[in-house]
Every structure is written in C-alpha cells, then in structure tokens.
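A.B. asks: Here is the input, now give the coordinates:
(one chain, ligands or ions: 1)
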Amino acid sequence: MSTFDLTIVATDKVFFQGPAEFIVFPGLDGEHGVLPQHETMVAAVQAGELRYTADGKKQIVVVGDGFVEILGDRVTLICDFAERAEDIDVMRAQRAKERAEERLKARRSEIEYIRSQAALARAMARLKVSSKIRKNL
Ligand code: ATP
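C.D. replies: Okay, the predicted model is just below:
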C-alpha cells in the first residue's frame with residue numbers, strides 16, 4: 001500500500017513519526033482526510049479527534065489546536081498536545097472541564113475568559129474521544 005511520511009509533534013514530544021496510509025484531522029470546518037499524493041496544503045487544526053492508519057493499524061488520538069502542512073509525500077502536524085485515546089485520564093479531563101466552566105462563569109477578565117474557553121475545548125475534546133472509544137469497546 002502506498003504511504004506518506006507522517007510526523008505528529010506535540011508541545012512536549014514527537015508523538016508519531018513514520019510511514020502512514022491515511023490520516024483524518026479535525027480542521028476548522030470539520031474533518032479532513034489525507035491520502036498519499038494529496039495536494040500541497042496548510043491548514044489549521046482544532047482540538048478534537050485525529051485518526052490515522054500506519055502499518056495497517058488504525059489509531060485514534062485526541063489532539064490540541066495546531067496546524068498541518070502537506071508537502072509532497074510529507075505530512076507534518078504540529079499541535080498543543082496529542083494523546084492516544086486509551087491514555088486519556090477521564091477524571092482529570094472532567095475536573096479540567098468543571099474548572100474551566102467555573103472560570104467562565106466568574107468572567108474575571110477577557111484574557112482569563114479566552115484561556116478558560118481554550119481549557120474547556122481541550123477538556124471537551126478529551127471527553128468526547130474517550131467516550132467514543134469506550135462505547136466501541
Ligand atoms: P489539566 O488542567 O488537567 O492539566 P490541560 O488541558 O491544561 O489539563 P494540557 O496543558 O493540555 O492540560 O496538557 C499538559 C500535559 O498533560 C500534556 O502532556 C497532556 O498530554 C497531558 N494531559 C492533560 N490532560 C490529560 C488527560 N485528561 N489525560 C491524559 N493526559 C492529559
């Protein structure tokens with residue numbers, strides 16, 4: 001099967017590097033699928049579910065905001081965080097969601113509001129992906 005070189009880099013680690021057959025990433029206007037020989041493209045990535053197939057195995061990952069560059073046979077995705085769906089700590093994400101909601105209600109300052117919205121989006125993305133894989137187990 002034909003492949004492209006996929007690199008997924010999070011703030012704290014190189015999450016994945018190697019040949020991949022397919023990737024679907026969460027874009028600003030929904031999911032985008034990429035196969036080998038995709039046209040050149042740069043796009044924003046929004047916190048959510050990312051799926052890719054490497055070595056015939058499907059992987060489900062939750063990623064944070066970032067961007068992706070598709071250039072020739074290379075796909076490079078850079079994001080705030082990347083976690084395998086099965087590694088998501090649901091209780092931690094639930095607590096992060098509740099904290100963010102409390103801070104949003106408090107409406108302290110505009111910057112605090114924007115930070116809380118981003119924290120809420122990260123927590124919601126983690127909860128959504130982990131609940132989806134639990135339902136499919
Ligand atoms: P928290 O307030 O719980 O730290 P956060 O959204 O602020 O959540 P991040 O700054 O996005 O956390 O991530 C910091 C590190 O912790 C990253 O390595 C990320 O992968 C990891 N992480 C954060 N939340 C979870 C979670 N619920 N399950 C697994 N790993 C997590």
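A.B. asks: Quick check: closest non-adjacent residue to D5.
C.D. replies: Using C-beta to C-beta, 6 or more residues apart in numbering and skipping residues adjacent in sequence, the residue nearest D5 is R74, 4.8 Å away. Heads up, the C-betas are built off the backbone N, CA and C, glycines and all.
A.B. asks: Does the one you found touch F4 like I think?
C.D. replies: Yes - counting by C-beta atoms under 8 Å, R74 touches F4, with 6.7 Å between them.
A.B. asks: Just want to know which of these two has more residues nearby.
C.D. replies: Neighbours were counted for R74 and for F4 using other C-beta atoms under 10 Å; F4 has more, 20 against 11.
A.B. asks: Can you check the pLDDT for the more buried one?
C.D. replies: pLDDT recorded at F4 is 97.
A.B. asks: could you list every residue that touches it?
C.D. replies: Applying C-beta atoms under 8 Å, 6 or more residues apart in numbering, we find F4 in contact with 19-20, 34, 36-38, 73-75.
A.B. asks: Which of the residues you listed fall in strands?
C.D. replies: Here DSSP state E is the test, and the contacts of F4 give 19-20, 34, 74-75 as lying in strands.
A.B. asks: Break the chain down into its domains, please.
C.D. replies: 4-85, 88-136 (automatic domain parsing).
A.B. asks: just these: most buried one?
C.D. replies: domain 4-85 (a mean of 17; mean count of other C-beta atoms under 10 Å).
A.B. asks: so how far is the first residue of it from its last?
C.D. replies: In domain 4-85, first residue to last residue: 23 Å (C-alpha to C-alpha, to the nearest Å).
A.B. asks: What average pLDDT does the longest helix belonging to the chain get?
C.D. replies: The helix that spans the most residues within the chain, counting by DSSP state H, is helix 110-136. For helix 110-136, mean pLDDT is 92.
A.B. asks: what about it, near the ligand?
C.D. replies: Yes - against the ligand, helix 110-136 shows contacts by C-beta under 6 Å from any ligand atom at 119, 122, 126.
A.B. asks: Can you tell me which residues in the chain are near the ligand?
C.D. replies: Residues of the chain lying close to the ligand by C-beta under 6 Å from any ligand atom are 12, 64, 80-81, 83, 87-89, 92-93, 96, 119, 122, 126.
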